[in-house]
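Student: no letters, just coordinates:
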């Protein structure tokens, strides 16, 4: 099965906001679990843990739309939290039924408009556990620095995860991205994230979202992913 990288929609006519930032904010003073949410999903300490399963059923109690933001089926919000890309409408969640979501978890949330009025539709925060570096076949993956358009794109080879980490420890390292990611996993699921990029969705999930006119996301072409 083929997979496609997606990202949040950015066009003001679709999301409403014009500054390129998220459509909504998780409001600290109105969210009882805010501190625990930040402790679990935010910052470098996230990568220090051995188990990435949620420690509780976090409740994202109060997500408020920014001024002029439009409601979309997949909706972005701040702060940036690791493993979380979107708030999902109930329509999107229904379209996930019957798919392979073993690495995904849904949290309850309430969505409010800019004036503080609740939006009477059920929304969910989607959390996805990353495929870690240990699952990557670095030898078969493709990495580069620079940019094609500027004429100085350079490819880099890494044999192992250790080679990758050693490169980033060098003081003279360049910013290297993955162009193709190869993961040692035969049953990856339908919505996935990796530490080298994503999120990626399966062809059958993309077909569902496209057929039902799901709003708030775009398909990106800067990365591909394969599984073995």
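Tutor: The structure has been received and is ready for your questions. What you see is a predicted model, and the numbers here were worked out from it, not measured in a lab. Numbering: from 1, shown residues only.
Student: how does the chain divide into domains?
Tutor: Following automatic domain parsing, the chain resolves into domains at 3-131+185-227, 134-183.
Student: out of those, deepest packed?
Tutor: domain 3-131+185-227 (a mean of 17; mean count of other Cβ atoms under 10 Å). Yep, even glycine has a C-beta here, placed from its N, CA and C like the rest.
Student: how far does it sit from its chain's centre?
Tutor: Centre-to-centre, domain 3-131+185-227 and its host chain are 6 Å apart (Cα atoms, centre = their mean, to the nearest Å).
Student: next, the distance between the ends of it.
Tutor: 10 Å (Cα to Cα, to the nearest Å).
Student: helices or strands up against the longest strand belonging to the chain?
Tutor: The residue-count maximum for a strand in the chain (DSSP state E) belongs to strand 104-112. With contacts taken as 3 or more Cβ pairs under 8 Å, 6 or more residues apart in numbering; DSSP states H and E, strand 104-112 sits against strand 60-65, strand 84-89, strand 123-128.
Student: give me the pLDDT value at residue 45.
Tutor: In this prediction, residue 45 carries a pLDDT score of 86.
Student: contacting residues for it?
Tutor: Under the criterion of Cβ atoms under 8 Å, 6 or more residues apart in numbering, the neighbours of residue 45 are residue 39.
Student: does it sit in a helix, a strand or a coil?
Tutor: helix (DSSP: H, G, I helix; E, B strand; the rest coil).
Student: now swap in residue 210 and tell me
Tutor: Going by three-state DSSP: residue 210 is helix.
Student: right, and residue 9 touches residue 218 too?
Tutor: Yes - Residue 9 is within contact range of residue 218, at 5.3 Å (criterion: Cβ atoms under 8 Å).
Student: how about residue 25, what does it touch?
Tutor: By Cβ under 8 Å, 6+ apart, residue 25 lies in contact with 63-64, 66, 77-79.
Student: typo on my end, residue 64
Tutor: 24-25, 27, 111-114, 116.
Student: report the beta-bridge partners for it.
Tutor: Assessed by DSSP bridges, residue 64 has beta-bridge partners residue 25, residue 112.
Student: swap in residue 84?
Tutor: On the basis of DSSP bridges, residue 84 is bridged to residue 127.
Student: what's the distance between it and residue 174?
Tutor: As judged by Cβ to Cβ, to the nearest Å, residue 84 and residue 174 stand 29 Å apart.
Student: export the contacts of residue 25 to JSON lines and tack on pLDDT and distance to residue 190?
Tutor: Below are the contacts of residue 25 laid out as JSON lines (pLDDT from 0 to 100; distance: Cβ to Cβ, whole Å):
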{"residue": "63", "pLDDT": "98", "distance to residue 190": "24"}
{"residue": "64", "pLDDT": "98", "distance to residue 190": "30"}
{"residue": "66", "pLDDT": "98", "distance to residue 190": "30"}
{"residue": "77", "pLDDT": "97", "distance to residue 190": "22"}
{"residue": "78", "pLDDT": "96", "distance to residue 190": "26"}
{"residue": "79", "pLDDT": "96", "distance to residue 190": "26"}
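Student: if anything else comes up later, I'll come back, but that's it for now.
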